[in-house]
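S.K.: Could you look at this predicted model? Sequence included:
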Amino acid sequence: MSDAETLFERIIAREIPAEVVYETERVLAFRDINPQAKTHVLVVPKVRYRNVAELAAADAGLLGEVIGAAEKVAELEGIVESGYRVVFNTESDAGQTVFHVHAHVLGGEQLGFFGRYGG
Ligand code: 5GP
(Lines give C-alpha, C1' and ligand atoms only; values in the text may rest on other atoms or scores of the structure.)
Protein backbone atom coordinates (compact mmCIF):
# COMPACT_ATOMS: atom_id res chain seq x y z
CA MET A 1 0.00 0.00 0.00
CA SER A 2 1.40 3.42 -0.93
CA ASP A 3 0.85 6.50 1.22
CA ALA A 4 -0.92 8.61 -1.40
CA GLU A 5 -4.47 9.41 -0.35
CA THR A 6 -7.20 8.52 -2.82
CA LEU A 7 -10.53 10.20 -3.26
CA PHE A 8 -12.23 7.37 -1.39
CA GLU A 9 -10.42 8.34 1.82
CA ARG A 10 -11.94 11.79 1.36
CA ILE A 11 -15.41 10.27 0.88
CA ILE A 12 -14.92 8.10 3.98
CA ALA A 13 -13.84 11.22 5.92
CA ARG A 14 -16.96 13.01 4.57
CA GLU A 15 -14.73 15.66 2.94
CA ILE A 16 -16.32 14.83 -0.43
CA PRO A 17 -20.08 14.21 -0.52
CA ALA A 18 -21.45 10.84 -1.60
CA GLU A 19 -24.81 9.12 -1.31
CA VAL A 20 -24.16 6.56 1.39
CA VAL A 21 -26.44 3.52 1.24
CA TYR A 22 -24.91 1.35 3.97
CA GLU A 23 -22.23 1.68 6.63
CA THR A 24 -20.64 -0.42 9.33
CA GLU A 25 -17.72 0.26 11.64
CA ARG A 26 -15.25 -0.96 8.99
CA VAL A 27 -17.04 -0.63 5.64
CA LEU A 28 -18.80 2.13 3.65
CA ALA A 29 -21.12 1.70 0.64
CA PHE A 30 -22.06 4.64 -1.58
CA ARG A 31 -23.49 5.20 -5.04
CA ASP A 32 -21.09 5.42 -7.97
CA ILE A 33 -21.03 8.95 -9.44
CA ASN A 34 -21.14 7.52 -12.99
CA PRO A 35 -23.51 4.55 -12.73
CA GLN A 36 -23.09 1.71 -15.23
CA ALA A 37 -26.42 0.09 -14.25
CA LYS A 38 -29.63 1.17 -12.51
CA THR A 39 -28.03 0.07 -9.27
CA HIS A 40 -24.30 0.81 -9.05
CA VAL A 41 -22.90 1.00 -5.54
CA LEU A 42 -19.27 0.92 -4.42
CA VAL A 43 -18.30 -0.91 -1.23
CA VAL A 44 -15.00 0.05 0.38
CA PRO A 45 -13.16 -0.92 3.55
CA LYS A 46 -12.46 2.22 5.59
CA VAL A 47 -8.81 1.20 5.84
CA ARG A 48 -7.11 1.39 2.47
CA TYR A 49 -5.58 -1.51 0.60
CA ARG A 50 -4.60 -1.02 -3.03
CA ASN A 51 -6.60 -3.92 -4.46
CA VAL A 52 -8.52 -7.04 -3.50
CA ALA A 53 -5.39 -9.21 -3.47
CA GLU A 54 -3.71 -6.94 -0.91
CA LEU A 55 -6.88 -6.87 1.17
CA ALA A 56 -7.23 -10.67 1.07
CA ALA A 57 -3.60 -11.15 2.11
CA ALA A 58 -3.74 -8.59 4.92
CA ASP A 59 -7.22 -9.07 6.40
CA ALA A 60 -9.41 -11.87 5.04
CA GLY A 61 -12.04 -11.05 7.65
CA LEU A 62 -12.36 -7.52 6.34
CA LEU A 63 -12.71 -8.87 2.78
CA GLY A 64 -15.56 -11.00 4.13
CA GLU A 65 -17.14 -7.85 5.58
CA VAL A 66 -16.88 -6.13 2.18
CA ILE A 67 -18.63 -9.08 0.50
CA GLY A 68 -21.23 -9.17 3.28
CA ALA A 69 -21.87 -5.47 2.80
CA ALA A 70 -22.28 -6.02 -0.96
CA GLU A 71 -24.97 -8.62 -0.20
CA LYS A 72 -26.61 -6.19 2.24
CA VAL A 73 -26.61 -3.47 -0.43
CA ALA A 74 -28.32 -5.91 -2.84
CA GLU A 75 -30.99 -6.54 -0.19
CA LEU A 76 -31.50 -2.81 0.45
CA GLU A 77 -31.71 -2.16 -3.30
CA GLY A 78 -34.22 -5.00 -3.78
CA ILE A 79 -32.11 -6.86 -6.33
CA VAL A 80 -31.37 -10.13 -4.52
CA GLU A 81 -33.97 -12.07 -6.51
CA SER A 82 -33.40 -10.35 -9.87
CA GLY A 83 -29.64 -10.75 -9.54
CA TYR A 84 -26.54 -8.64 -9.31
CA ARG A 85 -22.83 -8.66 -10.06
CA VAL A 86 -19.96 -7.94 -7.67
CA VAL A 87 -16.76 -6.83 -9.40
CA PHE A 88 -13.29 -5.89 -8.16
CA ASN A 89 -11.38 -4.21 -10.96
CA THR A 90 -7.72 -4.92 -10.30
CA GLU A 91 -4.96 -2.84 -11.92
CA SER A 92 -4.83 -1.27 -15.34
CA ASP A 93 -6.10 -3.88 -17.82
CA ALA A 94 -9.24 -4.19 -15.70
CA GLY A 95 -9.70 -0.41 -15.64
CA GLN A 96 -8.98 0.23 -11.98
CA THR A 97 -8.73 4.00 -11.55
CA VAL A 98 -9.01 4.43 -7.78
CA PHE A 99 -6.35 2.51 -5.88
CA HIS A 100 -8.37 1.93 -2.75
CA VAL A 101 -9.97 -1.49 -3.08
CA HIS A 102 -13.68 -1.32 -3.87
CA ALA A 103 -16.39 -3.77 -4.87
CA HIS A 104 -18.77 -2.60 -7.57
CA VAL A 105 -22.33 -3.88 -6.94
CA LEU A 106 -24.25 -3.74 -10.21
CA GLY A 107 -27.83 -4.70 -10.95
CA GLY A 108 -31.40 -3.49 -11.20
CA GLU A 109 -31.58 -4.42 -14.89
CA GLN A 110 -30.22 -7.03 -17.29
CA LEU A 111 -26.43 -6.66 -17.37
CA GLY A 112 -24.31 -7.11 -20.50
CA PHE A 113 -21.53 -9.59 -20.98
CA PHE A 114 -18.05 -8.43 -20.10
CA GLY A 115 -14.55 -9.24 -21.20
CA ARG A 116 -12.38 -8.04 -24.05
CA TYR A 117 -12.47 -4.30 -24.83
CA GLY A 118 -14.67 -3.64 -27.84
CA GLY A 119 -15.02 -7.31 -28.61
P1 5GP B 1 -12.58 1.62 -10.83
O2 5GP B 1 -12.53 2.13 -12.24
O3 5GP B 1 -11.34 2.02 -10.06
O4 5GP B 1 -12.89 0.16 -10.70
O5 5GP B 1 -13.83 2.34 -10.17
C6 5GP B 1 -13.78 3.64 -9.66
C7 5GP B 1 -15.21 4.12 -9.63
O8 5GP B 1 -15.26 5.30 -8.86
C9 5GP B 1 -15.76 4.47 -11.02
O10 5GP B 1 -16.87 3.64 -11.33
C11 5GP B 1 -16.14 5.94 -10.89
O12 5GP B 1 -17.33 6.27 -11.57
C13 5GP B 1 -16.26 6.12 -9.39
N14 5GP B 1 -15.99 7.48 -8.94
C15 5GP B 1 -14.98 8.29 -9.37
N16 5GP B 1 -15.03 9.46 -8.72
C17 5GP B 1 -16.09 9.40 -7.87
C18 5GP B 1 -16.63 10.33 -6.92
O19 5GP B 1 -16.15 11.44 -6.71
N20 5GP B 1 -17.72 9.92 -6.23
C21 5GP B 1 -18.29 8.67 -6.42
N22 5GP B 1 -19.38 8.39 -5.68
N23 5GP B 1 -17.79 7.77 -7.29
C24 5GP B 1 -16.70 8.14 -8.01
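M.R.: Nice, thanks for sending it over.

S.K.: Now do Val66 against the ligand, distance only.
M.R.: Relative to the ligand, Val66 is positioned 14 Å away (Cβ to the nearest ligand atom, to the nearest Å). C-beta here means a position set from N, CA and C on the backbone, and glycine is covered the same way.

S.K.: Buried ones in whichever helix or strand Gly68 is part of, by neighbour count?
M.R.: Assigned by DSSP states H and E, Gly68 belongs to helix 60-77. Within helix 60-77, the residues that count as buried by 16 or more other Cβ atoms under 10 Å are 62-63, 65-66, 69-70, 72-74, 77.

S.K.: So which residues on the protein come close to the ligand?
M.R.: 7, 16, 18, 30-34, 89, 95-98 (Cβ under 6 Å from any ligand atom).

S.K.: Those residues in strands, which ones?
M.R.: 30-31 (DSSP state E).
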